[in-house]
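Undergrad: Build me a model from this:
(one chain, ligands or ions: 1)
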Amino acid sequence: MDRDYNLLIEKACEASRKSYSPFSKFAVGAAVLAKSGKIYTGCNIENSSFGMTICAERCAIFKAVSEGEKEILAVAIYSPNKDDCFPCGACRQVMYEFQGEEEVCIITGNKSNLNIRKMSDFLPFGFKI
Ligand code: THU
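TA: Model prediction:
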């Protein structure tokens, strides 16, 4: 299994360039490493009806799941506007849903300063049915 987190943050950075964020002007990109070894990317997509906005992380995770993935291993998050772009609460819960036996790694920062943390650092005592 490829665990090239530098590549993952690079993919998240590339994805952030596709961000549609005319309202917040806060671009975010995410890259998900799924159990199959494939990488899925996403960006935040805003809407004039603000509540319809989707975060980069959920965009990438939903792309993965809609392609048949059931388990994610790592999520890299990048924003040109922030050194460490942490996932919002909703995205943490969605990540937790698709965590398998192995704890999800959450990667933030950039190529020269990668921060690697675990799912439980962001969401201890997560909820799952
Ligand atoms: N956003 C993300 O895409 N991911 C995060 O982890 C935090 C927030 C987006 C949502 C919205 O388009 C913009 O950033 C400002 O909140």
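Undergrad: C-alpha only now, for contacts and for neighbours.
TA: Noted.
Undergrad: So what's the residue count around Lys18?
TA: 15 (other Cα atoms under 10 Å).
Undergrad: Can you give me the pLDDT of it?
TA: Here the pLDDT value assigned to Lys18 is 98.
Undergrad: That one contacts Thr41, doesn't it?
TA: No: look at Lys18 against Thr41 with Cα atoms under 8 Å: they stay out of range, at 10.2 Å.
Undergrad: how about low-confidence regions in the chain?
TA: 1-2 (pLDDT under 70).
Undergrad: which parts of it sit against the ligand?
TA: 21, 24, 26, 28, 44, 46, 53, 55-56, 86-88 (Cα under 6 Å from any ligand atom).
Undergrad: Quick one: buried ones out of those?
TA: Among the residues of the chain next to the ligand, the ones that count as buried by 16 or more other Cα atoms under 10 Å are 21, 28, 44, 46, 55-56, 86-87.
Undergrad: what do Lys18 and Thr41 both touch?
TA: Here Lys18 and Thr41 share the contacting residues Gly29, scored by Cα atoms under 8 Å, 6 or more residues apart in numbering.
Undergrad: Is Trp108 in a helix, a strand, or coil?
TA: Quick fix: residue 108 is Thr, not Trp. Judged by DSSP: H, G, I helix; E, B strand; the rest coil, the three-state class of Thr108 is strand.
Undergrad: Could I get the phi/psi values of Leu7?
TA: phi -60, psi -40 (degrees, to the nearest 10).
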